[in-house]
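Engineer: got a sequence here, can you build the structure:
(one chain, ligands or ions: 1)
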Amino acid sequence: MKIDDRQIEQVNGRIKALITAGSFYGKKLEEAGVGEIKTAEDFEKLPFSEKNDLRDAYPLGLMTAPEEEIVRIHSSSGTTGLPVIIPYTAKDVDDWAVMFKRCYEFAGITNTDRIQITPGYGLWTAGIGFQAGAEKLGAMVIPMGPGNTDKQLQMMMDMKSTVLCATSSYALLLAEEIEKRGIKDKICLKKGVIGSERWGEKMRKRISTELGIELYDIYGLTEIYGPGIGINCKYDTGIHYWDDYLYLEIIDPETGKNVPDGEWGEIVITTLVKEGAPLIRYRTHDLSRIIPGECPCGCSYPRIDVIQGRTDDMMKIKGVNVFPKQIEEVLKSFSELSSEYQIRISHLDGRDTMRIYVETTGEYDFDALSKKIAESVKSKIGFTPIVKVVELGLLPRSEKKTKRVIDERYS
Ligand code: ZN
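Structural biologist: Numbers count the residues shown, from 1 in each chain. Next comes the predicted model:
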């Protein structure tokens, strides 16, 4: 899926705007001496942009259009440190609604549908994106926002909602409540549009069976408009994305090189027409692949596969978000240890447990060392792991990147 001439033209327009605005990316380009690209090869040499760049631009450093043209900001969650603020022009807001309308259309939703929106409104891009697209489509919006399940179900029955927009977990909760209350015959839902959250096939089946509805996965991220930049069609062969607004690449997250279509890697997105905060080669850290060939639906929008997780492999343990890198940093501070380690997460007796295996030479007291490491990890991530010190050479090694984190909870 090489970038085509029209897209290159659009990228050049964004490059110019970014340089004029003197944003972080404009400066990156100036440093690299790039003012324009001519070929796909030129494009692949452009520097990436990263979430950290966006954070560093807090609060309004990403603003690329003149302030009088900015009509709104959105913000992505700041799980670590500062949030990211994304400014939108009126055109950006409208473009996003056009894309979202297209998502509904791909799901076979029309202006006679009644769309109940349960994702949150506010700084988040969720609720308002679902709403703008639905209004553009001409459907009737029931803007509930999250929570308040009693009222949610009451409105669903009284308004005869036909479409549910929700996160997968909330859709499941509603499905269970409907079952529990025995009100399924009063529910008119036909379709669910489920926001991008990781959800397995099992959960999907449960929601769709319990509610008796067709499900559609919507993809998107706040940095790139929000949800609505792609969705699966009724043939369910992957997520179609809108290449008239976005250019997607799949790269090897280790080398940064583009991988051939069909191979797995990290999704990198370039916004082709965004004004308020254009992004060039933005690393999403979402794992997917381009699906080669044509979809039976016959449309020409390319497809990516269902998101397989995050390149940075975040782990949620005892309710705490943990990154392998955090553990690695702690281990690195111990000169007694080799560079090899393995993290195993399991669920025993109703509790998550993290075991860390590390290697050392026989010159140290294994017990004292493991205690020291456990304390150090606790001070970093907030809970105490079980640390097992083993002899040098015992942990697995391979030529390719060794799998260091093994999550046994879901296997
Ligand atoms: Zn299709």
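
Engineer: any idea how far Ser338 is from the closest residue to Pro385 other than its chain neighbours?
Structural biologist: The shortest distance from Pro385 to any residue other than its chain neighbours is 4.2 Å, reached at Met354 (Cβ to Cβ, 6 or more residues apart in numbering). Backbone N, C-alpha and C define where each C-beta goes, glycine included. Distance, Met354 to Ser338, by Cβ to Cβ, to the nearest Å: 20 Å.

Engineer: which one's more surrounded, the two?
Structural biologist: Legend: neighbour count by other Cβ atoms under 10 Å for Met354 and Ser338, higher for Met354 (23 against 17).

Engineer: low-confidence stretches in the stretch 301-411 of the chain?
Structural biologist: In the prediction, the stretch 301-411 of the chain carries residues with pLDDT under 70 at positions 312-314, 320-321, 323, 325, 398-402, 410-411.

Engineer: ranges for the helices of it?
Structural biologist: Listed in chain order, the helices of the stretch 301-411 of the chain (DSSP state H, counting those that start in this stretch) span 324-332, 366-381.

Engineer: and Leu348, bridged to which residues?
Structural biologist: Taking DSSP bridges, one obtains Arg351 as the residues bridged to Leu348.

Engineer: sorry, slip of the keys, the one I care about is Pro143.
Structural biologist: Ile117.

Engineer: contacting residues around the helix or strand in which Glu176 is found?
Structural biologist: Assigned by DSSP states H and E, Glu176 belongs to helix 168-181. Applying Cβ atoms under 8 Å, 6 or more residues apart in numbering, the contact partners of helix 168-181 are 118, 146, 149, 152-153, 156, 164, 166, 184, 187, 192, 194-195, 197, 199, 203-204, 206-207, 210-211.

Engineer: go through it and flag the buried ones.
Structural biologist: When burial is assessed from 16 or more other Cβ atoms under 10 Å, helix 168-181 yields the following buried residues: 168, 170-175, 178.

Engineer: once you drop chain neighbours, what's closest to the residue sitting furthest away from the middle of the chain?
Structural biologist: Of all residues in the chain, Glu363 sits farthest from the chain's C-alpha centroid, using Cα atoms, centre = their mean; the distance is 45.3 Å. Nearest residue to Glu363 in three dimensions, chain neighbours excluded: Glu336, at 8.0 Å (Cβ to Cβ, 6+ apart).

Engineer: go on, Tyr121?
Structural biologist: Gly127 (3.8 Å).

Engineer: how far away from the center of its chain is the helix or strand that contains that neighbour?
Structural biologist: Assigned by DSSP H and E, Gly127 belongs to helix 126-137. Put simply, helix 126-137 sits 19 Å off its chain's centre (Cα atoms, centre = their mean, to the nearest Å).

Engineer: report the mean per-residue pLDDT for it.
Structural biologist: The average of the pLDDT scores along helix 126-137 is 96.

Engineer: flag every buried residue along it.
Structural biologist: For helix 126-137, using 16+ other Cβ under 10 Å, the buried residues are 126-137.

Engineer: which parts of the stretch 151-300 of the chain are strands?
Structural biologist: Along the stretch 151-300 of the chain, counting by DSSP state E, counting those that start in this stretch, strands occupy 163-166, 191-194, 214-221, 226-232, 239-241, 246-251, 265-271, 282-288, 290-291.

Engineer: what is the neighbour count of Lys45?
Structural biologist: By other Cβ under 10 Å, neighbour count at Lys45 equals 11.

Engineer: swap that for Arg114, sorry
Structural biologist: 18.

Engineer: what sits against the nearest residue to Tyr247 once chain neighbours are set aside?
Structural biologist: Nearest residue to Tyr247, sequence neighbours excluded (Cβ to Cβ, 6+ apart): Thr270, at 4.4 Å. By Cβ under 8 Å, 6+ apart, the residues touching Thr270 are 11, 14, 246-249, 279-282.

Engineer: which one of those residues is nearest Lys403?
Structural biologist: Distance to Lys403, by Cβ to Cβ, is smallest for Glu249 among the contacts of Thr270, at 25.0 Å.

Engineer: what's the mean pLDDT across stretch 226-245?
Structural biologist: Here the average pLDDT along stretch 226-245 is 96.

Engineer: could you do stretch 178-198 as well?
Structural biologist: Throughout stretch 178-198, pLDDT has a mean value of 90.

Engineer: for burial, what's the neighbour tally of the residue nearest to Lys151 when sequence neighbours are not counted?
Structural biologist: Using Cβ to Cβ, 6+ apart and skipping the chain neighbours, the partner closest in space to Lys151 is Met144 (7.5 Å). By other Cβ under 10 Å, the residues close to Met144 number 22.

Engineer: surely Met144 and Gln116 touch.
Structural biologist: Yes. In this structure, Met144 is within contact of Gln116 by Cβ atoms under 8 Å, at 5.9 Å.

Engineer: what is in contact with these two at once?
Structural biologist: 152, 155.

Engineer: quick revisit: how about the residue nearest to Pro385, what does it touch?
Structural biologist: 317, 322, 343-345, 383, 385-386.

Engineer: tell me which parts of this structure are close to the ion?
Structural biologist: Contacts of the chain with the ion, taken as Cβ under 5 Å from the ion, map to 233, 235, 295, 297.

Engineer: which of the residues you listed tops the neighbour count?
Structural biologist: Counting neighbours by other Cβ under 10 Å, the top entry in the residues of the chain next to the ion is Cys233, with 21 neighbours.
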